[in-house]
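**Q** I'll drop the sequence and a predicted model, then ask my questions.
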Number of protein chains: 2
Amino acid sequence: MTSEIRQNKATKRWVIFAPSRGKRPIDFKRQESKNQRLPAVDKDCPFCPGNEKSMPPIIMELPGPEGNQWQTRVVPNKFPALTPDGNNVRYRRGLYLAMPGYGRHEVIIESPVHNRRITQMTPNEVGVIIETYHRRYVNVMKQNWNLMTLIFRNHGGRAGTSLAHPHSQIIVTGMVPSYIRWREERSQYYFDESGRCVYCDILEQEAQERQRVIVENETFLAFVPFAAEVPFEIWIMPTKHQACFGDLSDQEKPGLAAILQDCLARLQRKLNDPDYNYIINTAARYRAGEPQLHWYLQIRPRLTTQAEFEIGSGISINPSLPEEDAAFLRQD
Amino acid sequence: MTSEIRQNKATKRWVIFAPSRGKRPIDFKRQESKNQRLPAVDKDCPFCPGNEKSMPPIIMELPGPEGNQWQTRVVPNKFPALTPDGNNVRYRRGLYLAMPGYGRHEVIIESPVHNRRITQMTPNEVGVIIETYHRRYVNVMKQNWNLMTLIFRNHGGRAGTSLAHPHSQIIVTGMVPSYIRWREERSQYYFDESGRCVYCDILEQEAQERQRVIVENETFLAFVPFAAEVPFEIWIMPTKHQACFGDLSDQEKPGLAAILQDCLARLQRKLNDPDYNYIINTAARYRAGEPQLHWYLQIRPRLTTQAEFEIGSGISINPSLPEEDAAFLRQD
């Protein structure tokens, strides 16, 4: 196949699929596995039990499925990008616009055990992580001046993490970035043209075509998007229309936990434990509940390096085809 | 200083300045210098003289300032993201939109000498590189279906390059990506509001304030932008209004060569030879010559790793303040 340029239907971003670049000596598989040598407790890790004094005050914690001790904890990030002090009133600096760094930046510790990975957990333990995400999301969004809440996970050094202890992060902002506003506006245009949620239409086509589907259950579909920006990118999407992550019901949580764990296990097993990021893309405050938006969890393995063309043009170059990536991840 | 959120006046992108994150154990300086151990000729390098047979046909070449042999060569990229075969007619794949991978992807070899770096060249040699950029740009844009030409350079492994021989790249596309359209529309809105080119206004404020200026000459200003996305980001901008890189005059070329070399030398000397990218941001075909756009060369050192919050929200987190970065680079 010669190369093809594909459009992300939801954001209108273009992605160049350049299979010939895949012939370059890039090895998608990691050189060696990591983390497996980690101890169960690290006396220098601020997230390990016993080291609480080096940690900021605990915001919330949830017990494990056995109920015997805490499994997850939410704490303020010790090196926060944003803090809840101050406000989000904008001011001028000559021509320029700025505002105080208002927001929240929190860490979700996913287990007391230093070397416990999501892929090793019981389904119920992963469920506790999802429950923590959801409770914290709902709680933070009770405050009107929190406009956007992003829950994300960086796994491994290439993905930007500096701590091995299993954790996710939450960042809350007092403004909606143009990148997200753009995505929401595109969905609005689509809805105005077709009367449909673009993500519901994507789900319908993926479920019919099946060639990019990895795995599904009663409530979620996991697939490689048509215009995936990186090799083995995965979108996990609720099959029922749901604009906001906050609307996730108790009945839907086990399905999300199961499919997330399944996808992460496939990446780990089939690609030799790659570094990855994931994020929950959800509606900003004043779009929550709208008929044209749809939240989803997006996994991006870190197998390639973004070079300047991609950064400077906003066009990704993906050496790997979504249909082939999905087939590879689908096989047991 | 507590953290501040700043807006890029031209694109409306927000950047979080989080100095407290700078206290994390991140070392901006590279561990060791590279390239200095490279040989002058590498028999396995496809860009070294004598290895032409492993290289695609030469598109153009320019002699060095002494006129005795070629200094720069333009060749097709052996692993192209886009190729000039085919067309850019869009087609549907069910709901989705796609098109053939039409475009050009070329390499500019900057010197026959394998270990010759821009920072080691004479001003005239750097001038030959600029001349090559410009001639190729003008030539490619003669064809109406080439809508966007991006010239960029990836230096070092973290910046995404796989070949050590000094080179830049050109990618030409048959469409204008939404990212660039967005930037151009923002400038249009600004022009409609104020009657001014936003970049000319930025230049005026930077030249007055001076605290983010690194160096200047008769035709160019080099400064750290107010909302720099990464530490030590540099914009090199023509001080006279000029929408399109193709409009660069012969009189202006030496000034660009000199200030580019100066900025790269400062990075190399003061930050222990960091990996970096640069790109020439210029108008798409149908915007060239417009009063509201302004081309500039943007340098991004690769000192930090983008994590998922930045990728997923489009908001950068910069642990380093532009005013301090500029002061550091300004000192001799």
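**A** On my side now, so go ahead. In this text, all values refer to a predicted model and were calculated from it rather than measured experimentally.

**Q** neighbours of A:R181, just the number please.
**A** 16 (other Cβ atoms under 10 Å in any protein chain shown). To be clear about C-beta, it is placed using only N, CA and C from the backbone, and glycine gets the same treatment.

**Q** try A:V172
**A** 23.

**Q** swap in A:E131?
**A** So A:E131, with other Cβ under 10 Å, has 17 neighbours.

**Q** what of A:D262?
**A** A:D262 has 20 neighbours, counted by other Cβ under 10 Å.

**Q** hey, what's the spatially closest residue to it that is not a sequence neighbour bridged with?
**A** What sits nearest to A:D262 in space, not counting adjacent residues and going by Cβ to Cβ, 6 or more residues apart in numbering or on different chains, is A:V215, at 5.5 Å. According to DSSP bridges, the residues that bridge with A:V215 are A:A222.

**Q** so A:V215 sits against A:A222, correct?
**A** Yes - contact criterion Cβ atoms under 8 Å: A:V215 and A:A222 qualify, at 5.0 Å.

**Q** looking at the two, which is more packed in?
**A** Higher neighbour count among A:V215 and A:A222: A:A222, with 26 against 18, using other Cβ under 10 Å.

**Q** how far away is that one from chain B?
**A** 18 Å (Cβ to the nearest Cβ, to the nearest Å).

**Q** ok, that residue - contacts?
**A** A:A222 sits next to A:213-216, A:234-237, A:259, A:262-263 when contact means Cβ atoms under 8 Å, 6 or more residues apart in numbering or on different chains.

**Q** and the gap between the residue nearest to A:D262 and A:V224?
**A** The gap separating A:V215 from A:V224 is 11 Å, by Cβ to Cβ, to the nearest Å.

**Q** how about the residues of the stretch 101-250 of chain A that lie near chain B?
**A** Proximity of the stretch 101-250 of chain A to chain B (Cβ under 8 Å from any Cβ of the partner chain) is limited to residues A:101-102, A:148, A:150, A:152-154, A:157-162, A:169, A:171, A:173, A:175, A:177-180, A:182, A:201-202, A:205, A:209, A:226-227.

**Q** cross these against strands and list the overlap.
**A** With DSSP state E as the criterion, strands contain A:148, A:150, A:152-154, A:169, A:171, A:173 from among these.

**Q** same list, those, but as JSON lines with neighbour count please.
**A** What follows is these, written out as JSON lines (neighbours: other Cβ atoms under 10 Å in any protein chain shown):
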{"residue": "A:M148", "neighbour count": "22"}
{"residue": "A:L150", "neighbour count": "22"}
{"residue": "A:F152", "neighbour count": "24"}
{"residue": "A:R153", "neighbour count": "26"}
{"residue": "A:N154", "neighbour count": "26"}
{"residue": "A:Q169", "neighbour count": "20"}
{"residue": "A:I171", "neighbour count": "25"}
{"residue": "A:T173", "neighbour count": "28"}
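
**Q** hey, what's the nearest residue to A:T149 once chain neighbours are set aside bridged with?
**A** In this structure, A:T149 finds its nearest non-sequential neighbour in A:V172, 4.9 Å apart by Cβ to Cβ, 6+ apart. Here A:V172 sits in beta bridges with A:R104, A:T149, going by DSSP bridges.

**Q** got a list of what A:V172 touches?
**A** Counting by Cβ under 8 Å, 6+ apart, A:V172 has contacts A:82, A:103-105, A:140, A:146, A:148-150.

**Q** for the spatially most distant residue from the centre of chain A, grab phi and psi.
**A** Taking Cα atoms, centre = their mean, the residue of chain A most remote from its mean C-alpha position is A:G94, at 36.9 Å. Dihedral pair for A:G94: phi 70, psi -120, per degrees, to the nearest 10.

**Q** can you pull the contacts of it?
**A** Contacts of A:G94 by Cβ under 8 Å, 6+ apart are B:205, B:209.

**Q** give me the distance between it and B:E204.
**A** 9 Å.

**Q** report the closest residue of the stretch 151-300 of chain A relative to chain B.
**A** Residue nearest to chain B within the stretch 151-300 of chain A (Cβ to the nearest Cβ): A:Y179, separated by 2.5 Å.

**Q** quick one, grab the pLDDT at A:R30.
**A** Looking at A:R30, its pLDDT reads 47.

**Q** residue ranges with poor pLDDT in the stretch 1-150 of chain A?
**A** A:1-2, A:19-36 (pLDDT under 70).

**Q** could you pull out the strands for it?
**A** A:4-7, A:14-17, A:60-63, A:70-76, A:91-93, A:96-100, A:103-109, A:148-155 (DSSP state E, counting those that start in this stretch).

**Q** once you drop chain neighbours, what's closest to A:D42?
**A** Closest residue to A:D42 apart from its sequence neighbours, by Cβ to Cβ, 6+ apart: A:H114 at 4.8 Å.

**Q** so the one you found is in contact with A:D44, correct?
**A** No - in this structure A:H114 lies outside contact range of A:D44 using Cβ under 8 Å: 10.1 Å.

**Q** those two - which one has more neighbours?
**A** A:H114 (20 against 7).

**Q** ok, now which ones touch that one?
**A** A:38-42, A:45, A:47-48, A:164-165.

**Q** show the buried residues in those residues.
**A** A:38, A:42, A:45, A:47-48, A:164-165 (16 or more other Cβ atoms under 10 Å in any protein chain shown).

**Q** any idea which of those residues is closest to A:V126?
**A** A:H165 (16.6 Å; Cβ to Cβ).

**Q** give me the pLDDT value at that closest one.
**A** 95.

**Q** hmm, it is touching A:P49, no?
**A** No - contact criterion Cβ under 8 Å: A:H165 and A:P49 do not qualify, at 10.7 Å.

**Q** got the phi and psi for A:A207?
**A** phi -70, psi -30.

**Q** please, which helix or strand holds the residue positioned nearest the centre of chain A?
**A** With distances taken as Cα atoms, centre = their mean, A:I279 lies nearest the centre of chain A, 1.5 Å away. A:I279 is part of strand A:276-281 when elements are defined by DSSP states H and E.

**Q** direction included, what does that strand pair against?
**A** strand A:148-155 (antiparallel), strand A:296-301 (antiparallel).

**Q** go through these and name the closest to A:D192.
**A** With Cβ to Cβ as the criterion, A:D192 lies closest to strand A:296-301 of the strands paired with strand A:276-281, at 21.4 Å.

**Q** following that closest one, which helix or strand shows up next?
**A** Strand A:296-301 is succeeded, C-terminally, by helix A:308-313 (DSSP H and E).

**Q** do the helix or strand just after that next one and chain B meet?
**A** Next in sequence after helix A:308-313, counting helices and strands by DSSP H and E, comes strand A:316-318. Yes - Strand A:316-318 reaches chain B (Cβ under 8 Å from any Cβ) through A:I317.

**Q** buried set for stretch A:117-130?
**A** Counting neighbours by 16+ other Cβ under 10 Å, stretch A:117-130 gives A:117-119, A:121, A:125-130 as buried.

**Q** with stretch A:210-217 instead?
**A** Taking 16+ other Cβ under 10 Å as the criterion, stretch A:210-217 shows A:212-216 as buried.

**Q** that stretch: how far from the chain's middle?
**A** Distance of stretch A:210-217 from its chain centroid, counting by Cα atoms, centre = their mean, to the nearest Å, is 19 Å.

**Q** for it, output the C-alpha coordinates as CSV.
**A** Extracted in CSV, the C-alpha atoms of stretch A:210-217 (Å, rounded to 0.1, in the frame of the first residue of the first chain):
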residue,chain,number,x,y,z
ARG,A,210,-15.0,-4.7,12.8
GLN,A,211,-11.6,-4.5,11.3
ARG,A,212,-10.3,-2.0,13.8
VAL,A,213,-12.1,-3.5,16.8
ILE,A,214,-9.9,-5.1,19.5
VAL,A,215,-12.3,-6.2,22.1
GLU,A,216,-15.8,-5.3,23.4
ASN,A,217,-18.2,-6.0,26.2
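
**Q** with that, I have no additional questions.
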